[in-house]
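K.L.:
Model the following, please.
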Amino acid sequence: MIKINTLFLVSTLLISSCIKNTHISGAASNISVAQELPNLSKDEVINKLGSPTVINYKFGETWAYISDVYEKKAFLHNKVTKQNVLIVKFNGDKVSDAKYYGEEELKPVKYSKLSTPSFGDDTTLLKEMFSNLGRFNVRKGNQTK
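P.N.:
Numbering: from 1, shown residues only. Here you go, the predicted model:
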């Protein structure tokens, strides 16, 4: 009976680790959002979609909302399975143009795996533990051994 319970527990854990977890980030979910935006003010766009992912001031004020769908299995890294972009252009305070780009029109954006180095100590757990040895010894009087 114990072998059957153990086998059942192990097989359940193995099967459940193969289940995909899906995470959606961003507001550019479908084309109908782009059709509702013309002539709205900046505040109304922020109330409807939230803060933009990117703001570009080079050729007039343009906001980009990037939406990603991630899937993750067990202990593997996230994998982007779907990506959409909503570009909102402003003329003054009002939306002049809003375009939705689905997966068919986009090239996949590859995020950099580089990180910014931080300056400081590169300590390991063992170095941290052994660096404190002998630091907190209490001496009684002036006696030393």
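K.L.:
Ramachandran angles for residue 7?
P.N.:
With angles defined as degrees, to the nearest 10, residue 7 sits at phi -60, psi -40.
K.L.:
pLDDT score for it?
P.N.:
Predicted confidence (pLDDT) for residue 7: 74.
K.L.:
does residue 65 have beta-bridge partners, and which?
P.N.:
residue 86 (DSSP bridges).
K.L.:
low pLDDT regions in the protein?
P.N.:
1, 13-20, 22-24, 27-30, 74-75, 108-109, 111, 134, 136-145 (pLDDT under 70).
K.L.:
now the strands: where do they sit in the chain?
P.N.:
20-25, 54-56, 62-73, 79-91, 94-101 (DSSP state E).
K.L.:
out of the ones you listed, nearest to residue 3?
P.N.:
Minimum separation from residue 3 across the strands of the chain (CB to CB) falls at strand 62-73, 28.6 Å. C-beta: built from backbone N, CA, C; applies to glycine.
K.L.:
Redo the strands of the chain as TSV? Include mean neighbour count and distance to residue 129.
P.N.:
Converted to TSV, these look like this (neighbours: other CB atoms under 10 Å; distance: least, CB to CB, whole Å):
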stretch	mean neighbour count	distance to residue 129
strand 20-25	11	35
strand 54-56	12	44
strand 62-73	17	33
strand 79-91	17	37
strand 94-101	17	52
